[in-house]
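I'd like to go over a predicted model; first the sequence, then the structure.
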Amino acid sequence: MTIRNWLFLFSTTLSLGGVAALLLGLLLELLMGEMGLTLLQQLLAGLLFGAVAQMGLFAYMIFNWVAAGFFRKDFWFNTVQVLLLLLVLGEVILFGYMADDGGRLLVPEAIVGIVTLVAGLAVALWKVKLTSQRSFVPTLFFMVVATLIESGTALKQDSLMMMLYTVLTLLVCNAWQVLWIHRLVVPPKAAESKNRQKKRAGTPAPAGSKK
């Protein structure tokens, strides 16, 4: 990825995080009551979520690069990603359905896990339409696992509203990134051919040759 493309992705993800945080904050307050954050605090939180989403994307890209050198076939790497995805979802959803001290069977963690899974499936199917079938598992893994990990301490709160606010904003940022990344990353072979064309274009013509 070139510096120019990275700056585009970084700036747009940051901006989208701020806008999404404001809109989601307004929507959640209309549906669930006061959140307790001012508009400025919501905007700053959205910018922070956008930056965190960027770090999550590049962490996954490094993980993907290392795993590609370790696993020679996509099948084994996809299997590992599916197992990790099930492990993370199991911790969030299954433990979320276990009764708490008040005897409630459905607690916020389970709701957040289900919402993340549904959004991840939708984005993964969209990614397949834009690219190929091979992108389904990596996209689903990134959307679900990366989002839940990035949410961090937000999942430890007692407020479902704050959990949804954090996770939904991160989902918007991650969806934007994963749906754009294939357009910004130049394959090695394409990059080499472009460099060769530039070198040829910059090479002066031999003496006596016709233009």
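Yes, it's here.

contacts and neighbour counts: CA atoms only from here.
Will do.

for residue 73, see how far away residue 83 is.
Note on residue 83: its distance to residue 73, by CA to CA, to the nearest Å, is 16 Å.

same check, this time on residue 152
Relative to residue 73, and taking CA to CA, residue 152 is found at 32 Å.

equivalent analysis for residue 66, please.
Relative to residue 73, and taking CA to CA, residue 66 is found at 13 Å.

and what of residue 63?
Distance from residue 63 to residue 73, by CA to CA: 15 Å.

any weak-confidence spans in this structure?
For the chain, the stretches with pLDDT under 70 are 95-107, 186-211.

longest helix anywhere in it?
helix 39-70 (DSSP state H).

packing partners of that helix?
Applying 3 or more CA pairs under 8 Å, 6 or more residues apart in numbering; DSSP states H and E, one finds that helix 39-70 contacts helix 3-32, helix 147-151, helix 160-184.

for the next helix-or-strand element following it, packing partners?
Going down the chain from helix 39-70, the next helix or strand is helix 74-89, by DSSP states H and E. Packed against helix 74-89, as judged by 3+ CA pairs under 8 Å, 6+ apart, are the following elements: helix 136-141.

tell me how far the most centrally placed residue in the chain lies from residue 150.
Closest residue to the average C-alpha location of the chain: residue 174 at 2.6 Å, with CA atoms, centre = their mean. As judged by CA to CA, residue 174 and residue 150 stand 10 Å apart.

go on, residue 4?
In terms of CA to CA, residue 4 sits 25 Å off from residue 150.

when the two are compared, which one has more neighbours?
Set residue 4 next to residue 150 and count neighbours by other CA atoms under 10 Å: residue 150 wins out with 18 against 10.

one step back: list the contacts of the residue nearest to the centre of the chain.
53, 57, 143, 147 (CA atoms under 8 Å, 6 or more residues apart in numbering).

between these, which sits nearest residue 94?
Using CA to CA, residue 147 comes nearest to residue 94 of the contacts of residue 174, at 17.6 Å.

burial check on that closest one, number of neighbours?
27.
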